[in-house]
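Undergrad: okay, predicted coordinates and the sequence, questions at the end:
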Amino acid sequence: MLLLLVLMTGLAPVSLYILVPTLPDLATAFDSDISIAQMTVSLYMVGLAFSQIVMGPLSDRYGRRPILLGGIGLMIAASIGCIFASTLPQLIVARFFQALGGAGGMVIARAIIRDLYPRERISSMISLVVAALMIGQLLSPLAGGLLEHNFGWRAIFYVITAAAILIAAGIAIALPETRRHTDAAADSGFIRDARILLGSRAFVGYMLCQVLASAIIFVFAGAGPYVVVTQMGRSSIEYGAWFATSGVAYLIGNLFCARFAPHHTLDRLIRFGLALQIAGAALNVVWGVTGLNQVPPWLFITHMLIMFANAFVMSNSAAGALSIRPSAAGTASGAMGFLQMGFGALCSQFGAWLGGHFATPLPLNIALLVLSAACAASMIFLVPHNSTVATETMIEQAEEEETGLL
């Protein structure tokens, strides 16, 4: 089950990153500008964002298995379309539909975890899935480059198609329907679920905390190449090596979170991560003011602390949001995924602007500190104390009152 969750979660993100190293060759192969080739990535992210907010509620209503299999079936068809694309616009459209289908694995995997595990186990399971996923994401650009170099860019889509077929077979054979019959029988329409979730301060607080924590990753990823290569005068290879340290720190953070989650409450782990995240971001601002972070070690070693803490914040806040209304776990997961990818795309562009329009990393450091503080504010001012009991009780009372009115 854990292996299936990892594979279905990672299918869409790995398919995103595996193509990135081939973008210059795609532009050359289709005799087009690199900015047009970049749309195979940017529109893919748009597809990931919008698909999640649709597939999550559908899985609440019709079950996890049929929506998963339908989504991966769409991804298989789109991947075959990528193989036979004869123009760059055809490839861009096929990639968009590839994202629409593949996003189902990301959003529904979180809902399945909520179906199978109690609230105190959710964050540890999410951390394990993310830790395994990070390994795939770190290796996928290398795999894409090797495939393109030895067999051409179309080989990447042969591999994606084969992987999607194997995952679909695994789901069809080994994954039971985890949506409980009592939940399926309940009147859990999208409008009603969304109204109840958005009416919960705890859900909004957890969701904002998770989305803002992910924004830290997107802003730094957008600014990093400009800061290291343009401002510091280092090579792109050196930037790649330093950037990998952030991924390693995030991976280690998830492993530690999986270890400690069964013994501590979600809120305690989130607050630990927030404190460490703010401390790391504040240190980076200090290094920026003193001029020390003009070389990669000062910038990235402190950022590793931020990313280690970020793992605690993201996995536990996601677990908290999914626990507010268990019968609407798909809707909650879809809302988080939509905001994460949509806001993340804007943050990536903002990060690129920060890195490309200033001569020092200080504006980037300040932006990360502001985002870290916003994370903490969403947790402090929106999530009630003792939310483990209070939020689920309030939801039950709200449902009883609504039933009485009806």
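TA: That came in fine, so what should we check first? Residues are numbered from 1 along each chain as shown.

Undergrad: so Ile156 is in which element?
TA: Using DSSP states H and E, Ile156 falls within helix 154-174.

Undergrad: just checking, which helix or strand of this protein averages the lowest pLDDT?
TA: Least confident helix or strand of the chain, by mean pLDDT, DSSP states H and E, is helix 387-405 with a mean of 44.

Undergrad: hmm, back to that, buried residues in the helix holding Ile156, which are they?
TA: By 16 or more other CB atoms under 10 Å, the buried positions in helix 154-174 come out as Ala155, Ile156, Phe157, Tyr158, Val159, Ile160, Thr161, Ala163, Ala164, Ile167, Ala168, Ile171. For glycine as for every other residue, the C-beta is placed from the backbone atoms N, C-alpha and C.

Undergrad: could you do stretch 33-53 as well?
TA: By neighbour count on 16+ other CB under 10 Å, the buried set for stretch 33-53 is 37, 39-41, 44-53.

Undergrad: please compute how far it lies from its chain's middle.
TA: Relative to its parent chain, stretch 33-53 has a centroid offset of 15 Å by CA atoms, centre = their mean, to the nearest Å.

Undergrad: before we move on, back to that, the helix holding Ile156 - what's its average pLDDT?
TA: Helix 154-174 comes out with an average pLDDT of 93.

Undergrad: what about Gln349, distance to Leu74?
TA: Note on Gln349: its distance to Leu74, by CB to CB, to the nearest Å, is 28 Å.

Undergrad: between the two, who's got more neighbours?
TA: Counted by other CB atoms under 10 Å, Gln349 and Leu74 do not tie: Leu74 has more neighbours, with 20 against 14.

Undergrad: how is this protein carved up into domains?
TA: For the chain, the structural domains run 2-185, 196-400, going by automatic domain parsing.

Undergrad: look through the protein and tell me its longest helix.
TA: If you go by DSSP state H, the chain has its longest helix at helix 119-151.

Undergrad: buried set for that one?
TA: Along helix 119-151, these residues count as buried under the neighbour rule (16+ other CB under 10 Å): 119-120, 122-134, 136-138, 140-141, 143-145, 147-148.

Undergrad: that helix to helix 154-174, inter-axis angle?
TA: Helix 119-151 and helix 154-174 are oriented at 150 degrees to each other (axes from the mean of the first three to the mean of the last three CA atoms, to 10 degrees).

Undergrad: where does the prediction get shaky in the stretch 101-250 of the chain?
TA: By pLDDT under 70, the low-scoring segments of the stretch 101-250 of the chain are 119, 180-190, 236-237.

Undergrad: if I read this right, Gly145 contacts Thr22, doesn't it?
TA: Yes - contact status for Gly145 versus Thr22: in contact at 7.3 Å, counting by CB atoms under 8 Å.

Undergrad: doesn't Leu43 make contact with Leu91?
TA: No - with contact defined as CB under 8 Å, Leu91 does not count as touching Leu43 (10.4 Å).

Undergrad: my read: Arg110 touches Ser323, true?
TA: No - between Arg110 and Ser323 there is no contact under CB under 8 Å: 11.3 Å.
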